Every structure is written in C-alpha cells, then in structure tokens.
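# How does the following fold in three dimensions:
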Amino acid sequence: MIALRNTIKALLISLSIILSACGGGGDTVPGTGGGSSTVTTPPIAETSFNVVALESLFTGAFSAGVDINNNDSAVGLADNGTALKGVRWDITAATPLATVLEPLTGNSYSAAYAINDAGISVGESENGATTTAVFWPATSTTATALPADGLFVAGSSSAYNINELGQIVGDATNDINDNTVAVYWQNRTASPLKLANLGTLPEAFSAAYGVGDTGIIVGESLDDSGAIQAVAWVPNGAGGYSTPVVLPTLTNHVTGIALNIDDAGRVVGESEEIDGTVHGVIWTVDSLGATTDLADLGPATSATDINSAGRVAGYTVAATNNDSARIWDGLAIADQKELAPTFSHGYGINNASQVVGTADGEGFVAIPQ
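Residues are numbered from 1 along each chain as shown. So this is what the prediction gives:
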C-alpha cells in the first residue's frame, strides 16, 4: 500500500530499506510540473524512448531523478557511499554525471526535489536531527536556507516545488508533535506564509507539493473526520491564500493526495480505496480550485507529474514489488507506455515529454526519439 502521508524523509528511509531488500524502490516524490510551451509529438504508443542512466556519486550506489526542466537539467538525489546528496545532471551529456548540490555547512545530507527553467533548484538539507528548506542558484552548488521567520522554532522545513515565477512551496513542522503545515514562499527572500489546514483537530496537518504559474498550490491535508484529502489553495488577490479546497476522491475512495498542477489547471495525484488500492488521477480545476473533471488512470497506478501537453509521468504498482515507470496521455488515457520494466518509478516530466525517475535503484531519463 502506498502511504499517502509520507514526508520526504520517510520516503528516503523506505527507499534504503527497499533497496537493501530487493534492489529497487521508491514512493511518491513531488516534482515540478507545467511550463509555458507545448511540444507537438506523436502518440505515446508510437513513440520510442531512449532510457539513459543518470549516474550516481559512487559506483553501484542509489540515485533517483526527481524533476526535469525544459532546459536540459534534471535534479534528484544520489548516494556517495556514505550519505545521500542532492544532485543535478546535464541530460545532454552522453553519460549524465551527477554534480553535488551541497548541504548547508555542517550538514551531511541534502536532496533536490524540483528545478525551474531558470535553473533554480529547491529541496532540503539535514544535520541529522532537523531538515531545513533550501535552494541552489543555477550557477552555484552551495545551498542557501529559505527564510524561516514565523515557522516553528524547533522544527524542520522542506521545499518541494518551485514554479517559473520563483514561488516555492513545501512544509514545516508546526508544533511539538511534529505535525506539519503547508508553507509558501513568494520568492527566495520572502518570509514564509503558513497555509491553512483543512482540519481543526490537534493532529491536523498539511503539506504543499505543487505550485503552478497561476499561483494555485496543491497538496494534502487532514480533515476533521481523520481522512487525508487532496487539496488546493487558491490566491485570494491580496497576497494571501484561501482556505484549502477539497479535491474529490473517486467514488467509494477514502483518501487522496495532489502532487502537481499545470497551467491549464490539471492536477495529478492519487485517490485511494478503503483496501489501500491506489488510483492515479487527474483533476481539472477552475480558477477558484473547484473540480470540473476527474479522470482515473486505473487501479494500482500513481500520477506524479504533468506537462503542458497533458502528458503524465508516474508508475504502475505491482504486488510483486515490480512497479514500472510509465507515461500517459492525460487527454487520451489509453495512450500510454511503460518506460522501464525493472522495479522503476517515473517522477518528473518536462514539456518535451522527457521523464526522469529511478529504475532498479539507478536514476534514469527517458528521452522520446
């Protein structure tokens, strides 16, 4: 079962466990979606993909491509033999080598989760106890902490997404029980804005995973019934954000999570049945966050990112731990293709329908030919 309430740190722990057990692994990872230009391409089923390895920092060690922009750069994380580090790859290279995106001074761990077309990457750095939301400029591998004024003083923060306007979203611990709240930074120097939770219970939490260039933010939040819901936060026109709008689950489903949004208001994520079966879904929302359409990719699927042409990256979930990275045409769901047959997940997609992810513990980029 895919746990819908996974912090990124929990993801990395599960990755290390799965890799040691079966040589593959991963779970849902937020990345950057959307963009402004659309590339006309043939149907997915008629397109061949050249799958290129994204090198790790140490021979045979784990790596994962998490996001890819429209200017030939991908980001993610890789093992250097002793610790995980955020990395950036130039996908035009015959063998894309990992460039380390260093953690903050005194920290040993970093991870990069998104990169925009300006080459600005965002993610987190950790000192072993606390994670800090950070960014890396396009011309630097040195991490800078995002402003934390107003956030819980003893807690952690992470940045999961950045759009083309430089707006950043993530989450931060909000109380002594480590419940998180979704966070928005208008830019790299702006004070963080805590977004409203859906619920009012003491254990209420939220996290923001995607932000479109229209400013709509998507993620998840716990409601007062104890259910995790996919939500959208909409700009209120006064520099702030609305209370979260619930994005509906599929019929007879109980929980949901929204991971990304494009500029046409198409949101990708997951809807989960009571027995734990996950369906990748595509919501279409209007400027107020109201859902006007909900498409189902089918059982045992996950939708993680979407590009400006409506093409969706994700994976199918197999009971035998043999998940497979996949790409769908979100406008014609039957048009789809497996990208990597070994244990693999697709995480990020750009407007050229290039998909990054991890296959059998090694990062990859699948390039349409």
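# Sketch out the low-pLDDT regions of the stretch 51-200 of the chain for me.
Scanning the stretch 51-200 of the chain for pLDDT under 70 picks out no residues.
# any chance you could map the helices in it?
Here the stretch 51-200 of the chain has no helices by DSSP state H, counting those that start in this stretch.
# can you check the stretch 251-369 of the chain too?
Under DSSP H, counting those that start in this stretch, the stretch 251-369 of the chain gives no helices.
# Listing request: residues of it with sub-threshold pLDDT.
Applying pLDDT under 70 to the stretch 251-369 of the chain flags the ranges 319-321.
# do that again at 90, thanks
Within the stretch 251-369 of the chain, the stretches with pLDDT under 90 are 317-322, 340-343.
# Number of residues surrounding residue 330?
23 (other Cβ atoms under 10 Å). For the C-beta atoms, the positions are set from N, CA and C on the backbone; glycine is no exception.
# what about the spatially closest residue to it that is not a sequence neighbour, neighbour count?
Nearest non-adjacent residue to residue 330, counting by Cβ to Cβ, 6 or more residues apart in numbering: residue 310, 4.1 Å away. If you count neighbours by other Cβ under 10 Å, residue 310 ends up with 18.
# Also residue 251?
With other Cβ under 10 Å as criterion, residue 251 counts 9.
# residues in contact with residue 324?
Residues in contact with residue 324 (Cβ atoms under 8 Å, 6 or more residues apart in numbering) are 315, 316, 318, 338, 339, 340, 341, 342, 343, 344.
# same check, this time on residue 367
With contacts defined as Cβ under 8 Å, 6+ apart, the neighbours of residue 367 are 49, 50, 51, 52, 91, 354.
# okay, the residues you listed in TSV with distance to residue 133 and neighbour count next?
Shown next, in TSV, are these (distance: Cβ to Cβ, whole Å; neighbours: other Cβ atoms under 10 Å):
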residue	distance to residue 133	neighbour count
49	33	21
50	35	10
51	32	16
52	30	20
91	25	19
354	27	26
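# These in strands, which ones?
49, 50, 51, 52 (DSSP state E).
# what sits against the last one?
For residue 52, the contacting residues are 91, 96, 364, 365, 366, 367, by Cβ under 8 Å, 6+ apart.
# so of those, which ones are in strands?
Under the assignment DSSP E, the contacts of residue 52 contribute 364, 365, 366, 367 to strands.
# what pairs with the third one across the strands?
If I follow you right, that is residue 366. Beta-bridge partners for residue 366, by DSSP bridges, are residue 51, residue 355.
# okay, now it: neighbour count?
Residue 366 is flanked by 25 other residues according to other Cβ under 10 Å.
# From residue 337, how far off is it?
9 Å (Cβ to Cβ, to the nearest Å).
# joint contacts of these two?
49, 327.
# What subset of the contacts of residue 324 is buried?
Buried by 16 or more other Cβ atoms under 10 Å: 315, 316, 339, 340, 343, 344, out of the contacts of residue 324.
# Now that we have the contacts of residue 324, can you turn them into a markdown table and tack on distance to residue 286?
Below are these laid out as a markdown table (distance: Cβ to Cβ, whole Å):
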| residue | distance to residue 286 |
| --- | --- |
| 315 | 29 |
| 316 | 30 |
| 318 | 36 |
| 338 | 33 |
| 339 | 32 |
| 340 | 35 |
| 341 | 39 |
| 342 | 40 |
| 343 | 38 |
| 344 | 35 |
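# Going along the chain, name the strands of the stretch 51-200 of the chain.
63-68, 73-79, 84-90, 99-101, 109-115, 121-126, 131-136, 144-145, 157-162, 168-173, 180-185, 193-194 (DSSP state E, counting those that start in this stretch).
# mind listing what the closest residue to residue 128 other than its chain neighbours touches?
Excluding its sequence neighbours, the residue lying closest to residue 128 (Cβ to Cβ, 6+ apart) is residue 108, at 6.7 Å. When contacts are counted by Cβ under 8 Å, 6+ apart, residue 108 touches 83, 126, 127, 128.
# so what's the first one up against?
To tie it back to what came earlier, the one meant is residue 83. Residues in contact with residue 83 (Cβ under 8 Å, 6+ apart) are 108, 109.
# Need phi/psi at it.
Note on residue 83: backbone dihedrals following degrees, to the nearest 10 are phi -160, psi 160.
# State the distance from residue 72 to residue 353.
Separation of residue 72 from residue 353 (Cβ to Cβ): 14 Å.
# Now residue 134: closest residue in space that isn't a chain neighbour?
For residue 134, the spatially nearest residue (Cβ to Cβ, 6+ apart) is residue 143, at 4.2 Å.
# was I right about the one you found contacting residue 135?
Yes: contact criterion Cβ atoms under 8 Å: residue 143 and residue 135 qualify, at 7.4 Å.
# Looking at those two, which one has more neighbours?
The neighbour count for residue 143 versus residue 135, taken as other Cβ under 10 Å, is higher for residue 143 (26 against 22).
# related to what we said a few turns ago, quick check, the residue nearest to residue 330 in contact with residue 264.
Yes: assessed by Cβ under 8 Å, residue 310 is found in contact with residue 264 at 7.4 Å.
# ok so, going back, could the contacts of residue 52 be laid out in TSV, adding distance to residue 59?
Shown next, in TSV, are the contacts of residue 52 (distance: Cβ to Cβ, whole Å):
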residue	distance to residue 59
91	21
96	15
364	17
365	19
366	23
367	24
